[in-house]
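Participant: here is a sequence with its predicted model. Questions after.
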Amino acid sequence: MANEKGKKRISLLSKLTFAPENRSADAPRPVIEGRFRYFFSLFKQKNNELMVANLFFLIFCLPLLVVLILPGVFGGMENISYLLAKITEKPYFMGNIGIGLSSQQSITEAQIAILNVHRLHYLLIAATLPILAIGASGLFHVAMKLVWQDKFITKKDSYGNNVPRISVEFFIGVKKYALQFVLIFLIFALIFAAVSCSVIFFIQNLWQNTAGAGLWILLIVALIFALFAAAMLVFMLPMLKMYEIPLAAKLKNSVILIISTPLPVFFITAVSLLPFVLVSVSSGFIQLILIAALLIFGGGFYSLMWSNFVQYYADKIITPVYESQINKGQKKKKKNKK
């Protein structure tokens with residue numbers, strides 16, 4: 001049974017598109033002993049470069065940040081629901097109780113109205129993701145080069161040392177990869193919108209006591225699909241920089257690697273989602289600290305972590321097979337010449 005599983009995995013991995021990495025040919029490959037150790041060492045040593053790249057990335061996050069803080073500006077989702085319904089005074093939820101009290105909006109109606117505001121909010125978040133993608137293209141370009149320890153465009157400082165020009169490299173990444181990143185984030189935005197609307201639709205029916213087995217299945221399928229989409233981002237974003245192959249081949253490679261390595265993929269996806277879950281369930285000072293940490297370090301941390309993670313599979317699977325294929329091709333050419 002174990003042998004059959006191994007054969008199936010090898011058969012699946014053979015369907016990968018093997019290609020050379022898009023790094024400088026004359027740059028020496030770094031010696032990596034332990035991926036976790038390498039990541040944390042790199043994050044510590046190159047934190048200044050990541051911070052600079054993250055600052056430029058935050059420019060493209062501004063629409064998303066505006067959308068995220070809008071509910072607070074208008075007093076929360078409940079107040080927004082009243083504004084949209086043109087209700088000037090808060091409804092009285094104790095209607096039909098006692099003598100002389102008029103019938104007013106029911107609690108369930110008010111809850112559904114708030115859910116509709118949440119739906120609109122999630123759709124607005126989805127609309128900002130393609131803009132964020134432009135910044136992500138520059139950020140992952142820088143992060144991938146740091147993982148490779150590749151050559152950067154540099155300038156001399158006052159002491160004669162070569163200083164990487166991260167700003168220039170960032171916009172080189174934007175110029176080269178922005179279109180592919182926007183396409184991927186556009187797909188992810190549609191998935192995010194569909195999943196969030198599915199969850200809200202389920203909650204609405206649950207509160208109305210109309211959630212049947214079909215809606216439970218819809219919820220489970222939507223959450224599984226969302227988890228798979230998040231895992232796809234983990235693989236796809238570094239690959240957009242890593243290889244000069246068609247976008248369809250990068251999608252295929254990502255799907256194959258996710259299916260072939262489910263446990264590591266689940267772990268890295270869970271670690272990636274954890275800070276956002278903590279932000280959503282926390283409040284007050286703790287929530288502010290978490291949001292500040294994500295803004296300051298999040299972009300650099302995630303881009304470096306995902307790039308390092310995907311590079312591991314490149315080093316273990318894609319690059320060795322590609323080099324083996326090249327060597328076999330060269331041997332055949334030599335034999336034919338003889």
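Facilitator: Perfect, I can see it now.
Participant: the closest residue to residue 178 other than its chain neighbours and residue 56: what is the separation?
Facilitator: Among residues not flanking residue 178 along the chain, residue 137 sits closest, at 4.5 Å (Cβ to Cβ, 6 or more residues apart in numbering). The way it works is simple: take the backbone N, C-alpha and C, and place the C-beta from them, glycine included. Using Cβ to Cβ, to the nearest Å, residue 137 is found at 11 Å from residue 56.
Participant: likewise residue 258?
Facilitator: 30 Å.
Participant: also residue 64?
Facilitator: Following Cβ to Cβ, the distance that separates residue 64 from residue 56 is 15 Å.
Participant: same deal with residue 22?
Facilitator: 21 Å.
Participant: then residue 168?
Facilitator: The value you get for residue 168 to residue 56, if Cβ to Cβ is used, is 11 Å.
Participant: tell me how far the spatially most central residue of the chain lies from residue 310.
Facilitator: Centroid-nearest residue in the chain: residue 233, 4.9 Å away (criterion: Cα atoms, centre = their mean). Relative to residue 310, residue 233 is positioned 11 Å away (Cβ to Cβ).
Participant: do the same with residue 289
Facilitator: 30 Å.
Participant: pLDDT weak spots in this protein?
Facilitator: Where the chain drops to pLDDT under 70, the residues are 1-7, 87-106, 283, 329-338.
Participant: check the offset of stretch 45-64 from the chain's centre.
Facilitator: 15 Å (Cα atoms, centre = their mean, to the nearest Å).
Participant: mind exporting that stretch as CSV, just the C-alpha atoms?
Facilitator: Taking Å, rounded to 0.1, in the frame of the first residue of the first chain, the C-alpha atoms of stretch 45-64 are listed here in CSV:
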residue,chain,number,x,y,z
GLN,A,45,19.7,39.8,8.6
LYS,A,46,17.7,41.3,5.8
ASN,A,47,15.0,43.0,7.9
ASN,A,48,16.0,46.5,6.7
GLU,A,49,15.6,45.5,3.0
LEU,A,50,12.2,43.9,3.8
MET,A,51,11.0,46.9,5.7
VAL,A,52,11.8,49.2,2.8
ALA,A,53,10.0,46.9,0.3
ASN,A,54,7.1,46.6,2.8
LEU,A,55,6.7,50.4,2.9
PHE,A,56,6.3,50.6,-0.9
PHE,A,57,3.9,47.6,-0.6
LEU,A,58,1.7,49.5,1.9
ILE,A,59,1.1,52.2,-0.7
PHE,A,60,-0.9,49.7,-2.7
CYS,A,61,-2.6,48.5,0.4
LEU,A,62,-4.1,51.9,1.1
PRO,A,63,-7.5,51.2,-0.6
LEU,A,64,-7.8,48.0,1.5
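Participant: show residues contacting that stretch.
Facilitator: Applying Cβ atoms under 8 Å, 6 or more residues apart in numbering, the contact partners of stretch 45-64 are 43, 125, 128-129, 131-136, 138-139, 142-143, 146, 164, 166-167, 169-171, 295-301, 303-304.
Participant: now do 7 Å
Facilitator: Stretch 45-64 has contacts (Cβ atoms under 7 Å, 6 or more residues apart in numbering) with 125, 128, 131-132, 134-136, 138-139, 142, 146, 164, 166-167, 170, 295, 299-300, 304.
Participant: what segments of the stretch 201-338 of the chain are strands?
Facilitator: Assigned by DSSP state E, counting those that start in this stretch, the strands in the stretch 201-338 of the chain number zero.
Participant: one more: the stretch 51-200 of the chain?
Facilitator: For the stretch 51-200 of the chain, applying DSSP E, counting those that start in this stretch gives strands covering 154-156, 162-164.
Participant: put together CSV for those, with mean neighbour count and distance to residue 176 on each row.
Facilitator: Shown next, in CSV, are these (neighbours: other Cβ atoms under 10 Å; distance: least, Cβ to Cβ, whole Å):
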stretch, mean neighbour count, distance to residue 176
strand 154-156, 11, 19
strand 162-164, 15, 17
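Participant: figure out which of those strands is closest to residue 279.
Facilitator: Evaluated over the strands of the stretch 51-200 of the chain, closeness to residue 279 peaks at strand 162-164, with 31.6 Å, by Cβ to Cβ.
Participant: for that closest one, packing partners?
Facilitator: Judged by 3 or more Cβ pairs under 7 Å, 6 or more residues apart in numbering; DSSP states H and E, the packing partners of strand 162-164 are strand 154-156.
Participant: the strand it packs on pairs with which strands?
Facilitator: strand 162-164 (antiparallel) (DSSP bridges).
Participant: any residues touching the partner strand, and which ones?
Facilitator: By Cβ under 7 Å, 6+ apart, strand 162-164 touches 49, 152, 154-157.
Participant: do the same with stretch 65-77
Facilitator: Contacts of stretch 65-77 with the rest of the structure, by Cβ under 7 Å, 6+ apart, involve 80, 83, 114, 117-118, 121, 124-125, 128.
Participant: tell me the spacing between residue 116 and residue 241.
Facilitator: Noted for residue 116: a distance of 39 Å to residue 241, by Cβ to Cβ.
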